[in-house]
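>>> Quick one, fold the following:
(one chain, ligands or ions: 1)
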Amino acid sequence: MQTNDSSSTFDVVIIGAGAAGLMCAAVAGRRGRKTLLIEHAEKVGKKILISGGGRCNFTNLHTSPANYLSENPHFCKSALSRYTPHDFIALVEQYGITYHEKTLGQLFCDDSSRQIVQMLESECRAGGVECWTGCDVQSVAENNHETVRFLLETTRGMVSAESLVIATGGLSIPKMGATDFGQRLAKQFGLRLTPMKPALVPITTNEAQTSFGAISGVSLDAIAECGGVAFRENILFTHRGMSGPAILQASSYWERGNAMTLNTAPTLDFEHLWQENRSTTTTLKNVLAQYLPKRFVEAFCDEYAHDLANTPFSNLPLKGYNALAERLHAWCITPNGTEGYAKAEVTAGGVDTNELSSKTMESKNVRGLYFIGEVVDVTGWLGGYNFQWAWASGVAAGQAA
Ligand SMILES: Cc1cc2nc3c(=O)[nH]c(=O)nc-3n(C[C@H](O)[C@H](O)[C@H](O)COP(=O)(O)OP(=O)(O)OC[C@H]3O[C@@H](n4cnc5c(N)ncnc54)[C@H](O)[C@@H]3O)c2cc1C
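Numbering: from 1, shown residues only. This is a model prediction of the structure:
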């Protein structure tokens, strides 16, 4: 990417060089648009670099609109159908980046997420995109001119733009440079925001004050259900509550005051277990520990079946056994909060999709102003869906801005 700032008049200015901004800049630049990408951090694509444990879960093979939360679940359809996981995979393959499917359609780099950032930087270079890192935008004003619609005051001087694309992301992980710039700018231009909250985030629970607080680090296969949506993956006990993919997924559907239901033994048939162990003198606790993590069984029995835990299975009262089995299959927990934006992978909510064209991401009321990526009220599940939205919305705006 070029880094000189000799001329300050651009066809397209994009604020935020994350996943969506880089993709949008590359597409706009390759269309021959004179494009500037402004990033306030010292380097581009920081979240891409840390994503997927350093291997970037860059898309999901099973991407469909059903994998996204939004006040308008139809909004994401157009962009997602016009730039699919296979389009991004083709780009990745063109750059010789090798990848693998980890689980559930999730594609990761074999080597490093740095390859994805380098690929996007290279695409931007091919489109002649100018990139200013370490640059802050102090103000944005609308201008009544056909080709100079926006005037930006930046720490590198005044910039004018025909099209302005906001790609500053969500509020998650402020330590990494997240700001509410995009949301404030939306308000400045009269666009409505939907309520925002941390999503894909560990929950804090009252249960952590009990025996479960002591089993931090224990994980198990479970089904977490919240708001009518269920996810089967691991859950992980933490000092303050619970995390793990199933909990993170369910957290996006959680509203304060609501409960979450956990099936902590999805493969266990308790009726069969009862019949099979009628004559065994092994304690209930030890029978359960053959199927579930021992420390979890101990904590669970401590809380809910203290009197039965050390009873030989053959002496168990059916009623007590059934009550415990029922609870293991449908454990109702009440989160008292979440770990917040400091730990959230994404932000749910944002610029109201009713304000935007689903084809181009352009504001319906402010000509030339676009919003893409996580700043928009479109939030993906865990597993590569958020990057796929960033690429797809970035391409949609890049083709139009
Ligand atoms: C730890 C972690 C791991 C993740 N792993 C995955 C994963 O494996 N797969 C997946 O699909 N999703 C993952 N995500 C989510 C994914 O990173 C985001 O959804 C995605 O990056 C959103 O893209 P974006 O371009 O909208 O925002 P971002 O990528 O956040 O980019 C926004 C950019 O704007 C810049 N910016 C902010 N404010 C300003 C300002 N005022 N001026 C100039 N620049 C500004 C930021 O510095 C940043 O570079 C992960 C998130 C986290 C936090």
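
>>> where's the residue nearest to residue 128 when sequence neighbours are not counted, which helix or strand?
Excluding the flanking residues, the one nearest residue 128 by C-beta to C-beta, 6 or more residues apart in numbering is residue 29, at 5.4 Å. Just so you know, the C-beta spots here come from the backbone N, C-alpha and C atoms, and that holds for glycine as well. Element membership for residue 29 (DSSP states H and E) is helix 19-30.

>>> Can you list the helices and strands that that helix packs against?
Counting contacts by 3 or more C-beta pairs under 8 Å, 6 or more residues apart in numbering; DSSP states H and E, helix 19-30 is packed against strand 9-15, strand 35-38, helix 114-126, strand 157-166, helix 385-400.

>>> that older thread, number of residues surrounding the residue nearest to residue 128?
Around residue 29 there are 26 other residues, counting by other C-beta atoms under 10 Å.

>>> Let me see the confidence value for it.
At residue 29, the pLDDT value in this model is 98.

>>> Also residue 130?
As predicted, residue 130 sits at a pLDDT of 98.

>>> again with residue 2
pLDDT, residue 2: 46.

>>> What of residue 145?
At residue 145, the model reports a pLDDT of 84.

>>> Please report how far the closest residue to residue 147 other than its chain neighbours lies from residue 369.
Of all residues not flanking residue 147 in the chain, residue 162 sits nearest, at 4.9 Å (C-beta to C-beta, 6+ apart). Per C-beta to C-beta, to the nearest Å, residue 162 is found 11 Å from residue 369.

>>> Overlap in contacts, these two.
residue 150 (C-beta atoms under 8 Å, 6 or more residues apart in numbering).

>>> higher neighbour count, the two?
residue 369 (26 against 21).

>>> From the ligand, how far out is the more buried one?
16 Å (C-beta to the nearest ligand atom, to the nearest Å).

>>> Which residues are in contact with that residue?
So residue 369 contacts 150, 163, 164, 166, 189, 362, 363 (C-beta under 8 Å, 6+ apart).

>>> Next: residue 361.
Contact analysis of residue 361 by C-beta under 8 Å, 6+ apart lists 79, 165, 370, 371, 372, 376, 393, 396, 397, 400.

>>> In this protein, which residue sits nearest the ligand?
Residue of the chain nearest the ligand, by C-beta to the nearest ligand atom: residue 18 (1.8 Å).

>>> pLDDT wise, what is that residue at?
In this model, residue 18 is scored at 98, pLDDT.

>>> Next up, phi/psi of the closest residue in space to it that isn't next to it in sequence, please.
Spatial nearest neighbour of residue 18, excluding adjacent residues (C-beta to C-beta, 6+ apart): residue 169 at 5.2 Å. Backbone geometry at residue 169, expressed as degrees, to the nearest 10, gives phi 70, psi -170.

>>> residues contacting residue 169?
16, 18, 20, 47, 178, 182, 347, 373, 374, 375.

>>> okay, who's weakest in the residues you listed by pLDDT?
Within these, pLDDT is lowest for residue 178, at 94.

>>> that's a strand at that one, yeah?
No: judged by DSSP: H, G, I helix; E, B strand; the rest coil, residue 178 forms no part of a strand; its state is coil.

>>> I'd like the distance between it and residue 168.
8 Å.

>>> more crowded one of those two?
For residue 178 versus residue 168, the count of surrounding residues by other C-beta under 10 Å is larger for residue 168: 31 against 20.

>>> I'd guessed the more buried one sits against residue 184; true?
No: Residue 168 is not in contact with residue 184 according to C-beta atoms under 8 Å; the separation is 9.5 Å.

>>> Please identify the residues of this structure in proximity to the ligand?
By C-beta under 6 Å from any ligand atom, the part of the chain that sits against the ligand consists of 15-21, 38-41, 46-47, 50-52, 56-57, 137, 167-169, 172-173, 177, 179, 181, 345-346, 373-375, 384-387, 390.

>>> Quick check: phi and psi at residue 261.
phi -110, psi 130.

>>> mind giving me the domain ranges of this protein?
9-197+346-400, 203-338 (automatic domain parsing).

>>> Tell me which of those sits most buried.
Stretch with highest mean neighbour count among these: domain 9-197+346-400 (a mean of 20; mean count of other C-beta atoms under 10 Å).

>>> which residues touch residue 146?
residue 162.

>>> Ramachandran angles for the most centrally placed residue in the chain?
Closest residue to the average C-alpha location of the chain: residue 346 at 4.2 Å, with C-alpha atoms, centre = their mean. Here is the backbone geometry of residue 346 (degrees, to the nearest 10): phi -140, psi 170.

>>> With residue 152 instead?
phi -110, psi 130.

>>> Identify the bridge partners of it.
Judged by DSSP bridges, the bridge partners of residue 152 are residue 140, residue 159.

>>> Against residue 179, how distant is it?
For residue 152, the distance to residue 179 - C-beta to C-beta - is 16 Å.

>>> do the same with residue 348
As judged by C-beta to C-beta, residue 348 and residue 179 stand 17 Å apart.

>>> three-state assignment of residue 223?
strand.

>>> quick revisit: in TSV: the helices and strands packed on helix 19-30, plus distance to residue 272.
Below are the helices and strands packed on helix 19-30 laid out as TSV (distance: least, C-beta to C-beta, whole Å):
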stretch	distance to residue 272
strand 9-15	59
strand 35-38	60
helix 114-126	47
strand 157-166	56
helix 385-400	37
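
>>> Cool, thanks, talk later.
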